[in-house]
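[1] can you look at this prediction? I've put the sequence above it.
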Amino acid sequence: MRVGVLALQGDFREHVAMVASLGVEGIEVRTPDDLASIDALIIPGGESTTIGRLATMFGLIEPIRERAHDGMPILGTCAGMIFLASDAVGHHQPQLGLLDATVERNAFGRQVDSFEADLAVAGLKEPMHAVFIRAPWIEKVGGDVEVLAAVTGTDGREHPVLVRQGRILAAAFHPELTDDNRLHAMLMGLVEENLVEENR
Ligand code: GLN
């Protein structure tokens, strides 16, 4: 199995290291050719407008959409989640539209720019320690999106911060900055599911 990490901007190296910690080869992805050689893609945190612009320049938007439509699993974290979504409140920026969700960028505001929390995650026994850095939250999800974890925002309402839609996983936080590789393992589980289906 080869897991690609979109390596245009942001903390892709940490994701490659986390993939390696699970004994799987991590590939830095910058071109459509790189994309053709992988079984799953991780889109890292960073700055979502920059990632979107660079992905447009490198001709990666359509190839990523095509691979996703063919069933390739994708994990997006923080800026990666924003890039995967269909809409961002108040922003016009390149987005893949593979996750039926509206995100609010920098949602937690200045006062709590960055924080950490232990999240209860659907399907996991132990909570997940989550690091949020100028993080988005999800404002609205479509009917096919499963909410795996949520936090109470500064507006007093619950907001999804970990979701799944088919083979797309998106987290508002940075699992690659902890030593918890369960989300990466979940992504690899989706690859195995995909391979079983292809061979049917
Ligand atoms: N604030 C960034 C954005 O809106 C995301 C931050 C991150 O990825 N840590 O793109």
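    In hand now; what should we look at?

[2] how many other residues sit next to the residue nearest to L99 when sequence neighbours are not counted?
    Nearest residue to L99, sequence neighbours excluded (Cβ to Cβ, 6 or more residues apart in numbering): L84, at 4.3 Å. Just so you know, the C-beta spots here come from the backbone N, C-alpha and C atoms, and that holds for glycine as well. Residue neighbour count, defined by other Cβ atoms under 10 Å, stands at 27 for L84.

[3] do you know the pLDDT at the residue positioned nearest the centre of the chain?
    For the chain, G76 is the residue whose C-alpha lies nearest the centre (Cα atoms, centre = their mean; 1.0 Å). In this prediction, G76 carries a pLDDT score of 98.

[4] check which helix or strand V3 maps to.
    Assessed by DSSP states H and E, V3 sits inside strand 2-6.

[5] from the chain's centroid, how far away is that strand?
    The chain centroid and the centroid of strand 2-6 are separated by 12 Å under Cα atoms, centre = their mean, to the nearest Å.

[6] list the buried ones in that strand?
    Of all the residues in strand 2-6, those buried under the rule 16 or more other Cβ atoms under 10 Å are 3-6.

[7] that one: what's the following helix or strand?
    Next helix or strand after strand 2-6 toward the C-terminus (DSSP H and E): helix 12-21.

[8] just to revisit the earlier point, for the strand holding V3, packing partners?
    Packing partners of strand 2-6 (3 or more Cβ pairs under 8 Å, 6 or more residues apart in numbering; DSSP states H and E): helix 12-21, strand 25-29, strand 40-43, helix 182-198.

[9] in terms of mean pLDDT, which of the ones you listed ranks lowest?
    Here the lowest mean pLDDT among the helices and strands packed on strand 2-6 goes to helix 182-198, at a mean of 89.

[10] what are the ranges of the strands in this protein?
    Secondary structure of the chain, counting by DSSP state E: strands at 2-6, 25-29, 40-43, 74-77, 85-88, 99-104, 114-119, 128-133, 137-141, 146-152, 158-165, 168-171.
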